[in-house]
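A.B. asks: Mind folding the following:
(chains A and B)
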Amino acid sequence: MLVKFFFLLRGAGVPASIPEFLTLLEALAAGLADASAERFYHLARTCLVKDERHYDRFDRAFAAHFKGVEDAFSLPPADLPADWLAKLAEKHLSAEEKARIAALGGWEKLMQTLRERLAEQKGRHQGGDKWVGTAGTSPYGAYGYNPEGVRIGQDQSRHRRAVKVWDRREFANLDDDVELGTRNMKLALRKLRRFARRGAAEELALADTIDATARAGGWLEVKMVPERRNLVKVLLLLDIGGSMDDHVRASAELFSAARSEFKHLEQFYFHNMPYERLWRDNRRRGGTEVPTFEVMRTYAADYRLIIVGDATMSPYEVSHAGASVEHWNAESGEAWLRRLLNAYPHHAWINPQARPLWEETPSIALVRALLESRMYPLTLAGLDDAIAELV
Amino acid sequence: MGGGFQGTERYVATPELTAAVNAAVILSRPLLIKGEPGTGKTLLASEIATSLAKPLFEWHIKSTTKAQQGLYEYDAVSRLRDSQLGDARVKDIHNYIVKGDLWEAFDSDVQPVLLIDEIDKADIEFPNDLLRELDRMEFYVYETRQTVRAKHRPIIIITSNNEKELPDAFLRRCFFHYIRFPDEATMTHIVDVHFPGLKRELVREALAAFFALRETPGLKKKPTTSELLDWIKLLVAEDIAPEALRGTDSRSLIPPLHGALLKNEQDLHLFEQLVFLNRRNAR
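C.D. replies: Now for the predicted structure:
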């Protein structure tokens, strides 16, 4: 009977493995559940769930199985009604978005991808960004789309990743959550960690020791070098809203990867171009705005400035004062960007927009010129280059 | 279940937590503990050790800690030095193998409790480097060509503050428990355990003020259980009357001695602003 439960769990997106399942059986054989449903629940959760973000999925699967109600989890991916989805998409996509879909291979291809994703989802849970949620009563929620993939989300909030919405129930602190699949990016980011050698003597410096020993006529002379410490400081500016919505997932992944890699990581948000104010909270509410000057005063020039943005906007936002889409800016985006770049000699702009589009978009060309070509695509190779530039 | 871990006089464990601990003890799997700071993650190991009367070994992880350091370190520098001074010890390499915390725990004659504290502080490869050691409870010492096996599989408690994602292969080998922030009933129990004989009224008012403070939106760092306990200690020491904690009088909206609860400038500032707004609205 538990095998069924196990598969239900996996279907619900709890990435439990066979050894973990066997461990649970072993625990049951050891009499740990003690014929109590509640104890069994705790025991099963301890054995099978390894992340508090999955507690909620587990709870739902558990309830479904042990009440005999399975409908909430039985997604029939094969017979997803295509016209149902199309109708839904009609309702939610703007004309502009539809044009973009056409550019990317058309509606049929998109639906094909979607079907594949859903079929895959039936078999296994592969990373948070692919999963189709079953929160609430309907397995199909609002429909979201971005060039990197297809998302089906229920009540997707604009600046959060779709998958997070279901997970938020009780346990998650979203901003710090790390998605599966960020590991590649982490590896690239690790290169940024320059182990500047400062601090107390700790390690044996072999070459120095040999040299000193030879000079002392064979009498051992031990030389030490300072312990390694991660001294790289990063000031991360993330573009949100507007045209960045398409890239939210990619940027968020970068952000969560970065969060865990650096000791000193300060992140701020801006819209389109950094103007006189940045903000701390990506919901941009509740007094989290900070004057850009204050940021520049607070964080010294030894911070590495990484700006993540698609730089896709009206060219006037770069070149003219008063052109910001959301407020009156007394000075142009260009002036502010120059100020930031001067304040932080080590800087790079990471652009999630596909590289071929760079030449076609006037604002990207403008920003790139300001950066003296230190703009890199959001790919592993691009990150490598950016990091090589920063270190 | 009769025996096993049930919490101690000074440590209130929820049934979920005791279930997780007992499963980990009986099946001798490492138990990974996550949760908000101040919910007693680190304390858990020593309480288990006390309650089950077992020795405790602690391995505190720093950002520079390497997995090897928990096993052993070969002190080649001392050996070189000794060789020049003609020390007799130099003949035996065993004299220069310095045992790490994991080795010490493996060597224990009775089953020990081993705490690996804040594993997420270390490098991302750290947990992967410990897979075999935690799985088989043995490791190989290259310098002396011996295999060290645990005499008794230690009860391993690992804590994490979620600063880094832990690798799947590592997670599969552990049991996992997330300590939730206690609800009001559990919190009352915790306060009772720490301050027996405290005036009921003071406890009630203090908890109400505490939970209200936690609800304040936008706080950088919410006050935690350990901070609550410190604060109550102060309240008792200063002999504050329960009435002073009640928020009805708008002048006393800022709880007395709030420094014990709010630990950074911005939070304090934010809180004072909110209180100010509140007061103005009340007028």
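A.B. asks: and the residue lying closest to A:Pro377 once chain neighbours are set aside, how many neighbours does it have?
C.D. replies: Nearest non-adjacent residue to A:Pro377, counting by C-beta to C-beta, 6 or more residues apart in numbering or on different chains: A:Arg355, 5.0 Å away. (Glycine included, C-beta is placed from N, CA and C.) Neighbourhood size, A:Arg355 [other C-beta atoms under 10 Å in any protein chain shown]: 14.
A.B. asks: Look up phi and psi at A:Arg355.
C.D. replies: Main-chain torsions, A:Arg355, degrees, to the nearest 10: phi -60, psi -40.
A.B. asks: Relative to chain A, how far out is B:Glu47?
C.D. replies: Distance of B:Glu47 to chain A, computed by C-beta to the nearest C-beta, to the nearest Å: 18 Å.
A.B. asks: quick one: low-confidence parts of the chain?
C.D. replies: Let's take chain A. Per-residue confidence for chain A (pLDDT under 70) gives these ranges: A:1, A:35, A:67-202, A:226-231, A:241-243, A:245-263, A:282-287, A:380, A:391.
A.B. asks: Chain B was what I was after
C.D. replies: For chain B (pLDDT under 70), the answer is B:1-3, B:217-218, B:220, B:244-256, B:278-283.
A.B. asks: continuing past the host helix or strand of B:Phe176, what's the next helix or strand?
C.D. replies: Taking DSSP states H and E as the criterion, B:Phe176 maps to strand B:175-179. Note on strand B:175-179: by DSSP H and E, the next helix or strand toward the C-terminus is helix B:184-194.
A.B. asks: Tell me how many other residues crowd A:Thr379.
C.D. replies: So A:Thr379, with other C-beta under 10 Å, has 17 neighbours.
A.B. asks: Show the contacting residues for it.
C.D. replies: With contact set as C-beta atoms under 8 Å, 6 or more residues apart in numbering or on different chains, A:Thr379 has no partners.
A.B. asks: Could you do A:Leu25 as well?
C.D. replies: So A:Leu25 contacts A:Leu2 (C-beta under 8 Å, 6+ apart).
A.B. asks: what's the spacing between it and chain B?
C.D. replies: Distance, A:Leu25 to chain B, by C-beta to the nearest C-beta: 11 Å.
A.B. asks: In the strand or helix carrying that residue, which residues are buried?
C.D. replies: Secondary structure assignment for A:Leu25, by DSSP H and E: helix A:18-29. Neighbour-count burial for helix A:18-29 flags A:Glu20, A:Phe21, A:Thr23, A:Leu24, A:Ala27, A:Leu28 (criterion: 16 or more other C-beta atoms under 10 Å in any protein chain shown).
A.B. asks: before we move on, what about stretch B:11-28?
C.D. replies: Buried residues in stretch B:11-28 (16+ other C-beta under 10 Å): B:11-14, B:16-27.
A.B. asks: quick one: the strands in the chain?
C.D. replies: Just going to use chain A. A:143-146, A:149-152, A:195-204, A:224-230, A:233-239, A:264-270, A:277-279, A:289-291, A:303-308, A:347-351, A:375-377 (DSSP state E).
A.B. asks: was after chain B, sorry
C.D. replies: Ranges of strands in chain B, per DSSP E, are B:31-35, B:56-60, B:72-74, B:97-99, B:113-117, B:138-141, B:146-149, B:155-160, B:175-179.
A.B. asks: quick one: strands adjacent to the fourth one?
C.D. replies: Listed by DSSP bridges, the sheet partners of strand B:97-99 and their directions read strand B:72-74 (antiparallel).
A.B. asks: Contacts for the strand it pairs with next, please.
C.D. replies: Outside strand B:72-74, the residues touching it (C-beta under 8 Å, 6+ apart) are B:Ile93, B:Tyr96, B:Ile97, B:Val98, B:Lys99, B:Gly100, B:Trp103, B:Val141, B:Glu143.
A.B. asks: ok, B:Arg173 touching B:Leu131?
C.D. replies: Yes. Taking contacts as C-beta atoms under 8 Å, B:Arg173 lies within contact range of B:Leu131: 6.7 Å.
A.B. asks: ok, those two, which is more surrounded?
C.D. replies: Comparing B:Arg173 with B:Leu131 by other C-beta under 10 Å, the one with more neighbours is B:Arg173, at 20 against 15.
A.B. asks: Nearest residue to B:Lys121 in space, please, no chain neighbours.
C.D. replies: Going by C-beta to C-beta, 6+ apart, B:Lys121 has B:Ile61 as its nearest residue, at 4.9 Å.
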